[in-house]
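S.K.: Structure of the sequence below:
(chains A and B)
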There are 2 protein chains.
Amino acid sequence: MIEIYDLETWCSQRILLDKQQIGLVPTMGALHEGHASLIERSVKENQVTVVSVFVNPTQFDEIEDLNQYPETFQADRRVASQLGVDFLLLPKAEDMYPDDYNHRIIETALSLELEGVHRKGHFEGVLTVVMKLFNLVRPRYAYFGEKDFQQLELVRGIVGAFFLGVEIVGCPTIREEDGLAVSSRNLRLTPSQRSIAGIFPKLLKSSSCDQEIVSKLEARGFHVDYIKKIRGRRYGAVHLGSVRLIDNVPMTEVER
Amino acid sequence: MIEIYDLETWCSQRILLDKQQIGLVPTMGALHEGHASLIERSVKENQVTVVSVFVNPTQFDEIEDLNQYPETFQADRRVASQLGVDFLLLPKAEDMYPDDYNHRIIETALSLELEGVHRKGHFEGVLTVVMKLFNLVRPRYAYFGEKDFQQLELVRGIVGAFFLGVEIVGCPTIREEDGLAVSSRNLRLTPSQRSIAGIFPKLLKSSSCDQEIVSKLEARGFHVDYIKKIRGRRYGAVHLGSVRLIDNVPMTEVER
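M.R.: Next up, the predicted model:
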């Protein structure tokens, strides 16, 4: 596995890969089983797999959230190497934003719903950095988890609108035994918070209506940003203490 | 010269060009000597030259201006063919905006000055369509006129910020005998308006200060949007009746 710390080096490597089929897994590090499932799929389906680790500052609407984001570089490097990653791309913020974030991708419909209501500017940051990574890596396939389903749909949106010529592969959410979607944020839950966190995905799949789910979650101490059935899925975002969790399930998996 | 009317056909042609060096000249048609100078340069410098003709609706802030934009397809095709263009790309608006313009490129600094003050949303439309064209054509070089100098700089901006891997070639403004910058809008000037229009570039190059130039133009019946010296150039935008003209000159050409 080749580790790349600056974009100049990457661009010269990239030229050598011109005829190879590249799979890209964009991450913010703190790699867990969810990421592993994306990486495994990319390694299987492509000649070359690039994993980017970049804690993208522009997609954090709260500076606290950014500061608390775990940095687990040694572990990430080990995981990536074990899974057969070819290139680990670790750019610096100033390399990714030579323009000081003066240029942005915006979306004016879907990005204003759900997460967009609660995290101002979040998707602008996500779409902007994804566009940059696509142009730098020029993958044939890029892998995203269904846990961030709205993000997945928005990424598909820019691919269509800007003719990016990359295929977006959505991969199923990986869950803990109690159903909690795997996320780097789970590590910040206290033991007692962790013990009730599984109620969240369980209720998303329950036959209760959105408002009933909100009430049940609040009764258990969750602070609820939204629970919303829309376009064939039920989406939710909740806080347990200072930790924010999001999840979604297809309505086909919801009990009737 | 191959004329292409739909993007599917274009994309299948594009694949065949994969090893060739492509030059792109994006236009809105109504080709004049200014465009010809860009096209000639591209033909000289590249194996394949693509000229796009697309009257981009999203960059018109006034519907009247869009409706009055000349359509001169037969003449454009003749000019392009005579100059040695290989592909004339004539996409439809619904092909370029499958997303109904829900996805946009914005710039948050330079785009708010000069033209950006007077034409709300103009540069958003320009940058968005340029990004789409770059991704569709994937040129090595793209040619833009210095007459729209702010646009040229903004296009360079997205190339840097999004790692587009295309080189932007700025080409000198082509002028009529009296100094008026060649533009499709000049055709809409009445003979008496046309007879005084040359005063505008002449004053831009004069030793007068910006405010003096405004006064002199207004005294001759121009309505002035702005005259402004900034970053080594003097920029101006004026109206003669219903026709809006823009121009700019480097300060090195300004009399002292």
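
S.K.: Which strands or helices does the helix or strand A:Gly157 falls within pack on?
M.R.: Assigned by DSSP states H and E, A:Gly157 belongs to helix A:149-161. In terms of contacts (3 or more Cβ pairs under 8 Å, 6 or more residues apart in numbering or on different chains; DSSP states H and E), helix A:149-161 is packed against strand A:103-107, helix A:115-118, helix A:122-137, strand A:141-145, strand A:167-171, strand A:233-240, strand B:103-107. (C-beta placed from N, C-alpha, C; glycine too.)

S.K.: Could you dump these into JSON lines and include distance to B:Val85 and mean pLDDT?
M.R.: Output for these, formatted as JSON lines (distance: least, Cβ to Cβ, whole Å; pLDDT from 0 to 100):
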{"stretch": "strand A:103-107", "distance to B:Val85": "30", "mean pLDDT": "98"}
{"stretch": "helix A:115-118", "distance to B:Val85": "43", "mean pLDDT": "97"}
{"stretch": "helix A:122-137", "distance to B:Val85": "27", "mean pLDDT": "98"}
{"stretch": "strand A:141-145", "distance to B:Val85": "34", "mean pLDDT": "98"}
{"stretch": "strand A:167-171", "distance to B:Val85": "32", "mean pLDDT": "98"}
{"stretch": "strand A:233-240", "distance to B:Val85": "48", "mean pLDDT": "98"}
{"stretch": "strand B:103-107", "distance to B:Val85": "27", "mean pLDDT": "98"}
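
S.K.: returning to that earlier point: can you list the buried residues in the helix holding A:Gly157?
M.R.: Using 16 or more other Cβ atoms under 10 Å in any protein chain shown as the test for burial, helix A:149-161 gives A:149-155, A:157-159, A:161.

S.K.: I'd like the mean pLDDT over it, please.
M.R.: The average pLDDT within helix A:149-161 is 98.

S.K.: rewinding a little: export the helices and strands packed on helix A:149-161 to JSON lines and tack on distance to A:Thr49?
M.R.: Below are these laid out as JSON lines (distance: least, Cβ to Cβ, whole Å):
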{"stretch": "strand A:103-107", "distance to A:Thr49": "25"}
{"stretch": "helix A:115-118", "distance to A:Thr49": "28"}
{"stretch": "helix A:122-137", "distance to A:Thr49": "10"}
{"stretch": "strand A:141-145", "distance to A:Thr49": "9"}
{"stretch": "strand A:167-171", "distance to A:Thr49": "12"}
{"stretch": "strand A:233-240", "distance to A:Thr49": "29"}
{"stretch": "strand B:103-107", "distance to A:Thr49": "27"}
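
S.K.: looking at the ones you listed, which is closest to B:Gly241?
M.R.: B:Gly241 lies closest, by Cβ to Cβ, to one member of those: strand B:103-107, at 31.1 Å.

S.K.: quick revisit: can you give the contact residues for the helix holding A:Gly157?
M.R.: Applying Cβ atoms under 8 Å, 6 or more residues apart in numbering or on different chains, the contact partners of helix A:149-161 are A:105, A:107, A:110-111, A:113-116, A:123, A:126-127, A:130-131, A:142, A:144-146, A:164-168, A:170, A:233, A:235, A:248, B:97-99, B:102-103, B:132.

S.K.: show me where chain A has strands.
M.R.: Taking DSSP state E to define them, one finds strands in chain A at A:2-4, A:22-27, A:48-53, A:87-89, A:103-107, A:141-145, A:167-171, A:223-230, A:233-240, A:243-250.

S.K.: Partner strands of the fourth one and their direction?
M.R.: Strands that pair with strand A:87-89, judged by DSSP bridges, come out as strand A:2-4 (parallel), strand A:48-53 (parallel).

S.K.: Could you say which of the ones you listed is packed most deeply?
M.R.: Greatest average neighbour count among the strands paired with strand A:87-89 goes to strand A:48-53 (a mean of 25), per mean count of other Cβ atoms under 10 Å in any protein chain shown.

S.K.: and the angle for that strand with helix A:122-137?
M.R.: For strand A:48-53 against helix A:122-137, the angle by axes from the mean of the first three to the mean of the last three Cα atoms, to 10 degrees is 140 degrees.

S.K.: Export the worst-scoring helix or strand of chain A on mean pLDDT to CSV, keeping only CA atoms.
M.R.: Ranked by mean pLDDT, DSSP states H and E, the weakest helix or strand in chain A is helix A:63-68, scoring a mean of 85. What follows is helix A:63-68, C-alpha atoms only, in CSV (Å, rounded to 0.1, in the frame of the first residue of the first chain):
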residue,chain,number,x,y,z
ILE,A,63,-16.6,23.2,15.3
GLU,A,64,-17.0,21.0,18.4
ASP,A,65,-18.1,18.1,16.2
LEU,A,66,-15.0,18.6,14.1
ASN,A,67,-12.7,18.8,17.1
GLN,A,68,-14.2,15.7,18.6
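
S.K.: elements contacting it?
M.R.: Packing partners of helix A:63-68 (3+ Cβ pairs under 8 Å, 6+ apart): none among the helices and strands.

S.K.: who touches it?
M.R.: Counting by Cβ under 8 Å, 6+ apart, A:55, A:57, A:60, A:188, A:242, A:244 sit against helix A:63-68.

S.K.: In contact with the first one, which residues are there?
M.R.: Which is A:Val55. A:28-29, A:66, A:69, A:71.

S.K.: Quickly name whichever of these is closest to B:Ala93.
M.R.: Using Cβ to Cβ, A:Met28 is the member of these that lies nearest B:Ala93, at 37.4 Å.

S.K.: gap between the closest one and A:Ser242?
M.R.: 18 Å (Cβ to Cβ, to the nearest Å).

S.K.: between the two, who's got more neighbours?
M.R.: Using other Cβ atoms under 10 Å in any protein chain shown as the criterion, A:Met28 and A:Ser242 rank with A:Met28 on top: 18 against 12.

S.K.: what's the pLDDT at the more buried one?
M.R.: 96.

S.K.: For chain B, see how far away it is.
M.R.: 19 Å (Cβ to the nearest Cβ, to the nearest Å).

S.K.: That residue - nearest residue in space that isn't next to it in sequence?
M.R.: A:Val55 (4.8 Å; Cβ to Cβ, 6 or more residues apart in numbering or on different chains).

S.K.: Kindly report the same for A:Asp95.
M.R.: A:Leu7 (4.8 Å).

S.K.: Would you confirm that the one you found contacts A:Leu136?
M.R.: Yes. In this structure, A:Leu7 is within contact of A:Leu136 by Cβ atoms under 8 Å, at 6.7 Å.

S.K.: anything in contact with each of those two?
M.R.: Going by Cβ under 8 Å, 6+ apart, residues that sit against A:Leu7 and also against A:Leu136 are B:Phe163.

S.K.: neighbour-wise, which of those two wins?
M.R.: A:Leu136 (22 against 18).

S.K.: what bridges to A:Gly236?
M.R.: A:Ile227, A:Asp247.

S.K.: ok, so what distance separates it from A:Val126?
M.R.: For A:Gly236, the distance to A:Val126 - Cβ to Cβ - is 19 Å.

S.K.: re earlier: A:Gln20 is nearest to which of the strands paired with strand A:87-89?
M.R.: For those, proximity to A:Gln20 was assessed by Cβ to Cβ; strand A:48-53 is nearest, at 4.9 Å.

S.K.: Nearest to chain B: which residue in the stretch 151-256 of chain A?
M.R.: A:Ala161 (3.7 Å; Cβ to the nearest Cβ).

S.K.: picking that back up, of all the strands of chain A, which one comes closest to B:His35?
M.R.: Among the strands of chain A, strand A:103-107 sits nearest to B:His35 (Cβ to Cβ), with 26.6 Å.

S.K.: what does that closest one rub up against?
M.R.: Here strand A:103-107 makes contact (Cβ under 8 Å, 6+ apart) with A:123-124, A:127-128, A:131, A:154, A:157-158, B:102-108, B:157-158, B:161-162.

S.K.: Cheers, nothing more for now.
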